[in-house]
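> What follows is a predicted structure for the sequence shown.
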Amino acid sequence: MSIGSEFKEFALKGNVVDLAVGVIIGGAFGKIVDSLVGDVIMPIVGKVFGGLDFSNHFIQLSGAPAATLAEAKKAGAVIAYGNFITIAVNFVILAFIIFMMVKQINRMKAEAPPAPPAPPAPTPEDVMLLREIRDSLKR
């Protein structure tokens, strides 16, 4: 088998295509969660904590004073722990959403409980009569 045909067989397997689709959708979903956290959740968290804006929390390592993270990065090395907090919240939200999705998928995949057995059909009248005759002959 040539390398080209082996690669074609590998690339066209269902699992590889499913993985590729999952990565693409995951990337797009990640951007949605980034926007949700950055544009909706973090401003609310900031408001609850008295106007706290995590995006401008940093430690300047060069010693030069800076008012914003962008200025601090231009001045030299900086530890942007505010960005880390935002990304950590992003991760927690994304992990929770994925957990809920997997939970729902597993619930849909779960087999339905087996139906209770049907009650036995009533015995036909002719069989009942034959049993009565049999029983009367045994006495």
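Okay, I see it.
> now the residue nearest the centre of the chain: how far from residue 108?
In the chain, the residue lying closest to the centroid (Cα atoms, centre = their mean) is residue 98, at 1.4 Å. When Cβ to Cβ, to the nearest Å is applied, the distance between residue 98 and residue 108 equals 16 Å. All C-beta spots, glycine's among them, are computed from the backbone N, C-alpha and C.
> about what we covered before: doesn't the residue nearest to the centre of the chain belong to a helix?
Yes: counting by DSSP: H, G, I helix; E, B strand; the rest coil, residue 98 is part of a helix.
> and it, how far is that from residue 21?
On the measure of Cβ to Cβ, residue 98 and residue 21 end up 15 Å apart.
> got it, and residue 31?
For residue 31, the distance to residue 21 equals 16 Å [Cβ to Cβ].
> Can you show me the strands along the chain?
Read by DSSP state E, the chain holds these strands, from start to end of the chain: 59-60, 78-79.
> can you list the weak-confidence ranges in this structure?
Within the chain, the segments meeting pLDDT under 70 span 1, 14, 51-53, 112.
> show me where the chain has helices.
When assigned using DSSP state H, the helices of the chain occupy the ranges 3-11, 14-35, 42-48, 69-75, 81-109, 125-138.
> Mean neighbour count, those helices: which tops it?
Among the helices of the chain, helix 69-75 has the highest mean neighbour count (mean count of other Cβ atoms under 10 Å), at a mean of 16.
> Just the residues contacting that helix, thanks.
Helix 69-75 is contacted from outside by 55-56, 58, 60, 62, 64, 66, 78, 80, 82-83, using Cβ atoms under 8 Å, 6 or more residues apart in numbering.
> Nearest to residue 27 among those?
Closest approach between the contacts of helix 69-75 and residue 27, by Cβ to Cβ: residue 83, at 19.3 Å.
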